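**Student:** A structural model of the following input is requested.
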Amino acid sequence: MDQPYIRDQNITVDELVKTTVGQLGENLKVRRFARFVLGEGIEKQESNFAEEVEAQTKAKS
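**Tutor:** Here you go, the predicted model:
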């Protein structure tokens, strides 16, 4: 709750929740967080361009 809010680094998540509670007039509770790591889930395919070209030219012959 003490980490900076991702869209506005000047406020914390806790401050955002308190502000939203004031605006809505409803009690809010953060039940869970999801942690993301930059680049997670992006897998770069490794390939050899020369081998690809050779395989394509052999297939056409």
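
**Student:** just give me the neighbour total for residue 16.
**Tutor:** 18 (other C-beta atoms under 10 Å). Yep, even glycine has a C-beta here, placed from its N, CA and C like the rest.

**Student:** per-residue pLDDT, the closest residue in space to it that isn't next to it in sequence?
**Tutor:** Distance criterion C-beta to C-beta, 6 or more residues apart in numbering; nearest residue to residue 16, sequence neighbours excluded, is residue 5 at 4.9 Å. Note for residue 5: predicted pLDDT of 88.

**Student:** and residue 5, its phi and psi?
**Tutor:** Backbone geometry at residue 5, expressed as degrees, to the nearest 10, gives phi -70, psi 130.

**Student:** what does the one 4 residues further on give?
**Tutor:** Residue 9 adopts backbone torsions of phi -70, psi -10, taken as degrees, to the nearest 10.

**Student:** so what's it up against?
**Tutor:** If you count contacts by C-beta atoms under 8 Å, 6 or more residues apart in numbering, residue 9 has none.

**Student:** would residue 46 count as being in a strand?
**Tutor:** No: per DSSP: H, G, I helix; E, B strand; the rest coil, residue 46 lies outside any strand segment and is coil.

**Student:** just to revisit the earlier point, how close does the residue nearest to residue 16 get to residue 45?
**Tutor:** 35 Å (C-beta to C-beta, to the nearest Å).

**Student:** of these two, which one has the most company?
**Tutor:** residue 5 (15 against 4).

**Student:** is that one bridged to anything, and to what?
**Tutor:** For residue 5, the beta-bridge partners under DSSP bridges are residue 8.

**Student:** report pLDDT for the most centrally placed residue in the chain.
**Tutor:** The chain has residue 36 as the residue nearest its centroid, 5.1 Å off, counting by C-alpha atoms, centre = their mean. In this model, residue 36 is scored at 76, pLDDT.

**Student:** same question, the one 5 residues further on
**Tutor:** Reading off the confidence values, residue 41 has pLDDT 69.

**Student:** residues in contact with residue 3?
**Tutor:** Neighbours of residue 3 in contact, by C-beta under 8 Å, 6+ apart: 12, 13.
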